[in-house]
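Participant: Fold the following for me, if possible:
(2 chains)
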Amino acid sequence: MKAKQDYVWTFVPHQHQGVAEHSGENDHIHSPKKHNGAFKSRGLATFMGAPYCPPDRKAIRQMGAKICFLACPWDQGQIVRAGTSQGASGLREATTQYFPYMFEYDVDILTFFKVVDCGDIPNVPGNNAKSHDLIDQYVSECLEGGAKVIMCGGDHSLPIPGSRALSRYKKKEKIGYLHVDAHLDAGPDWAGNKITNCSGPARAIELPNCSAQNMAHMGSRNSLNPKDWWDFYVDNNIRVIPMREVVERGIEACAEDIFKIAWKGTDAVYFSWDTDSIDISCMPGSTSPECFGLKGREAIELARVAGKYGCDVLEVVELAPYFDVSHMSIKMAANMIYHYLGSRARTLIDQGKTA
Amino acid sequence: MNPAKSYAHLFSPLGGDAGDNYRAPNVLTFLRSPYVALNAQALKKSGARYAFLGVPFDEGNIGKPGSEEGPREFRLASQEYFTYWFEYNIDLYGTAVDCGDVSMPKVSPDVARDRIYRAVREVLKAGLVPILVGGDRSLSIAATKALSDHIGVEKKMGYLHFGAHLDLADSWAGEKNLAPCALARITELPNLAATNVSHIGARNSMNPKDWIDLAKDRNIRFIPMREMLKEGVYETAQGAIDRVWKNTDAQYVSFNFNVMDASAAPGVTSTEPGGLESREMMRIAEMIGMKKIVTVIDVSELCPVFDVSGTAARLAVCVVTRIMAALAKARGEEIDASIRRSDLMAG
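Facilitator: Numbers count the residues shown, from 1 in each chain, chains lettered A, B, ... in the order given. Prediction:
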């Protein structure tokens, strides 16, 4: 007979050799006392050093995790150069260079959210549909476990199964969908294929509880944007904030706009954030980087505004460490998530709420 | 004007044996300056204002290695530039000497730190401004102590720190003199008041809570990147600089170019997104020079193995030499604007 396993959220900083040596719960937000912490001796390189939790709703509930990290090494739903299957590994590597304490918000995001790493989502090579089903299942488990999801890709076909999972989880309510990207990604299909990285918003609008008035796109620029993608937004009357408008009006005002749209009368928001929304100089490690994008400081400001409003799934995609320079892209991606979580925690604390 | 001085270096090469060949610097020194042994008398005799010291020391770092290649790359990048600055009509020729690298024992960080300390003392004794290029940031601990001891407890010093991280660990894994402890050690110097310390550029979460707590305990004024962007980059930078020069006898300026956005300086040990742009740093360098006086400059954490096309090294050279040029301008050392290349050719 199999013994029933209890999952308890515990975090033992890597500088301690087990729970018995761990002198206090706050050790991990201070400089290491015994050896070089996570910096050159990393232990297991999980996201943020967070404990592993099986992607299982009961385990997630038992641990009380409010943020589940899901890595998605899926790279065959896309039409551009390969390399995003290593994205989440790169992101985990980058988080070993950071503390979970953020002075800008004076919060410890690891323990505030009881962050867990649920590992990598499995996939079926050569089969986009089956791989998407697995992504759908994993995101669903985390949501059913009462957690919000941080998902790192992987290619930008992820929002198709991801938003499908959120839509089903919130089937009685309405959801919002945000797409921040250099590319409009709104093809009805690509050479007949309807579930590639070119069709996130086009599939989101087909969800039963997601409508055009709660959708928005920001960061679009340059000409990897064929006319049918643009027509999608015009014909459906979906708000698009092209990069040029971001430059003119400032990132803060534009970010406020899209989050207000997404949260207007809805109960959940899916935030799909493509790394190529960021300028190629700050994010060379992306599959189709573009000039004239957000600078690092603007991306951090967007994360801050996003944290003010919150979302149910934050998905960071198209991170391709093969093309990175001096860790700048993976660290940028880590900061997109960290500043989101820091700002989110600060907002909730200020509102007297818990995670 | 000094008639004994040659002016050929101001212009494009003239050709023939007399002209410098731009791509053949012969010996690699900072700004093609002469090598002068690290000896106070020799330095004094040189008549220079600045003495360059390479500090290839990487044993105080806690993360990515590679900064011991920093001095080499910095010297190499400096070959690409002229000593003439059209923006200020200033010629830096003859203002610097290169004292080579501080010799490193390897695997004996205490010995290395002592050598850094003694090298800085020697340069200061000669009355020159040391320009140290590292090497990891822990070199600033030894070098600031050298300045502090040089001026003595009766005099006051100021300290300006550029970087994405606060480096305020009282100890790190039990060690007290590592790069993340730099500002913690420096702010313990007896003649450095907290009111004369400024930190510029802090951001992101490689700043654990004990660093923030120590900053509060010691009243250290740090201007996070977010505050700079909200309140104005130049206004806040000017305020930070003014604190350091206010009623002080000596000023120490310390750069880790991870204060820059990762895109502007990829070749540093720990890149951070969301930092300063190079156009902003150029103006800040000028603000420093406009103070007319600086006692020590250091550059740490350059990491050429991660650099792209010399981006970070060239930026570092431009910042240091711009401080030198702006300082000369502020002191009224402009050159005769009437000198022409054709005069040389005729002569």
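
Participant: now the strands: where do they sit in the stretch 251-355 of chain A?
Facilitator: For the stretch 251-355 of chain A, strands defined by DSSP state E, counting those that start in this stretch occupy the ranges A:268-274, A:313-317.

Participant: Quick one: the ones you listed as TSV, columns for mean neighbour count, mean pLDDT and distance to chain B too.
Facilitator: Using the backbone N, CA and C atoms, a C-beta is placed for each residue, glycine as well. Below are these laid out as TSV (neighbours: other CB atoms under 10 Å in any protein chain shown; pLDDT from 0 to 100; distance: least, CB to the nearest CB, whole Å):
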stretch	mean neighbour count	mean pLDDT	distance to chain B
strand A:268-274	27	98	14
strand A:313-317	27	98	13
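
Participant: mind checking which of those is nearest residue A:131?
Facilitator: strand A:313-317 (14.1 Å; CB to CB).

Participant: buried residues in stretch B:190-200?
Facilitator: Within stretch B:190-200, the residues scored as buried using 16 or more other CB atoms under 10 Å in any protein chain shown are B:191, B:192, B:193, B:195, B:196, B:197, B:198, B:199, B:200.

Participant: mind listing what the residue lying closest to the fourth one once chain neighbours are set aside touches?
Facilitator: Setting aside the residues directly before and after it, residue B:195 is nearest to residue B:243 in space (CB to CB, 6 or more residues apart in numbering or on different chains), at 6.6 Å. Contact partners of residue B:243, counting by CB atoms under 8 Å, 6 or more residues apart in numbering or on different chains, are B:158, B:195, B:196, B:197, B:198, B:221.

Participant: one step back: now distance to residue B:150 too, for the strands of the stretch 251-355 of chain A, in JSON lines please.
Facilitator: Shown next, in JSON lines, are those (distance: least, CB to CB, whole Å):
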{"stretch": "strand A:268-274", "distance to residue B:150": "52"}
{"stretch": "strand A:313-317", "distance to residue B:150": "50"}
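
Participant: returning to that earlier point: next structured bit after the host helix or strand of the residue nearest to residue B:195?
Facilitator: Using DSSP states H and E, the element containing residue B:243 is helix B:233-245. Next along the chain after helix B:233-245, taking DSSP H and E as the criterion, comes strand B:250-256.

Participant: contact partners of that following strand?
Facilitator: Outside strand B:250-256, the residues that touch it by CB under 8 Å, 6+ apart are B:137, B:140, B:143-144, B:147, B:150-151, B:155-165, B:182, B:244-245, B:268, B:288, B:291, B:293-301, B:316, B:319, B:323.

Participant: near chain A, which of those show up?
Facilitator: Near chain A, judged by CB under 8 Å from any CB of the partner chain, the entries from the contacts of strand B:250-256 are residue B:268.

Participant: quick one: which of the contacts of strand B:250-256 sit in strands?
Facilitator: Per DSSP state E, strands hold the following members of the contacts of strand B:250-256: B:157, B:158, B:159, B:160, B:161, B:162, B:296, B:297, B:298, B:299, B:300.

Participant: give the contact list for the spatially closest residue to residue B:212 that is not a sequence neighbour.
Facilitator: Spatially, and ignoring its direct neighbours in sequence, residue B:212 is nearest to residue A:103 (4.7 Å; CB to CB, 6+ apart). Residues in contact with residue A:103, defined by CB under 8 Å, 6+ apart, are B:202, B:205, B:207, B:209, B:211, B:212, B:224.

Participant: tally of neighbours for residue B:334?
Facilitator: Residues contacting residue B:334 under the criterion other CB atoms under 10 Å in any protein chain shown number 13.

Participant: same thing with residue A:242?
Facilitator: Quick note: residue A:242 (other CB under 10 Å) scores 16 neighbours.

Participant: Please name the residues that touch it.
Facilitator: Contacts of residue A:242 (CB under 8 Å, 6+ apart): A:219, A:220, A:221.

Participant: Helices of the chain, start to end?
Facilitator: Because you didn't say which chain, this covers chain A. Secondary structure of chain A by DSSP state H: the helices cover A:57-63, A:87-95, A:109-113, A:128-144, A:159-169, A:200-204, A:227-236, A:243-249, A:251-263, A:296-309, A:328-350.

Participant: that's the other chain; I wanted chain B
Facilitator: According to DSSP H, the helices that chain B contains are B:40-46, B:70-78, B:109-125, B:139-151, B:182-186, B:209-217, B:225-231, B:233-245, B:278-289, B:311-330, B:341-346.

Participant: so which of the ones you listed gets nearest residue A:204?
Facilitator: Closest among these, using CB to CB: helix B:225-231, at 32.4 Å.

Participant: Any part of that closest one near chain A?
Facilitator: Yes. Interface with chain A: helix B:225-231 contributes B:225, B:226, B:229 (CB under 8 Å from any CB).

Participant: Need the distance between the two termini of stretch A:221-230.
Facilitator: Taking CA to CA, to the nearest Å, the first and last residues of stretch A:221-230 lie 11 Å apart.

Participant: typo on my end, stretch A:309-327
Facilitator: 29 Å.

Participant: Pull out the buried residues from that stretch.
Facilitator: Buried, per 16+ other CB under 10 Å, within stretch A:309-327: A:309-321, A:323-327.

Participant: Stretch B:309-327 now?
Facilitator: B:310-327.

Participant: what does the stretch 1-150 of chain B put close to chain A?
Facilitator: So the stretch 1-150 of chain B meets chain A at B:62, B:63, B:64 (CB under 8 Å from any CB).

Participant: Generate a markdown table for the ones in strands among the contacts of strand B:250-256, with distance to residue B:120, neighbour count and pLDDT as supplementary columns.
Facilitator: A markdown table is the format used below for the ones in strands among the contacts of strand B:250-256 (distance: CB to CB, whole Å; neighbours: other CB atoms under 10 Å in any protein chain shown; pLDDT from 0 to 100):
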| residue | distance to residue B:120 | neighbour count | pLDDT |
| --- | --- | --- | --- |
| B:157 | 13 | 25 | 98 |
| B:158 | 16 | 26 | 98 |
| B:159 | 14 | 29 | 98 |
| B:160 | 17 | 24 | 98 |
| B:161 | 17 | 29 | 98 |
| B:162 | 19 | 25 | 98 |
| B:296 | 7 | 24 | 98 |
| B:297 | 11 | 24 | 98 |
| B:298 | 9 | 25 | 98 |
| B:299 | 14 | 28 | 98 |
| B:300 | 14 | 32 | 97 |
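
Participant: Alright, calling it a day.
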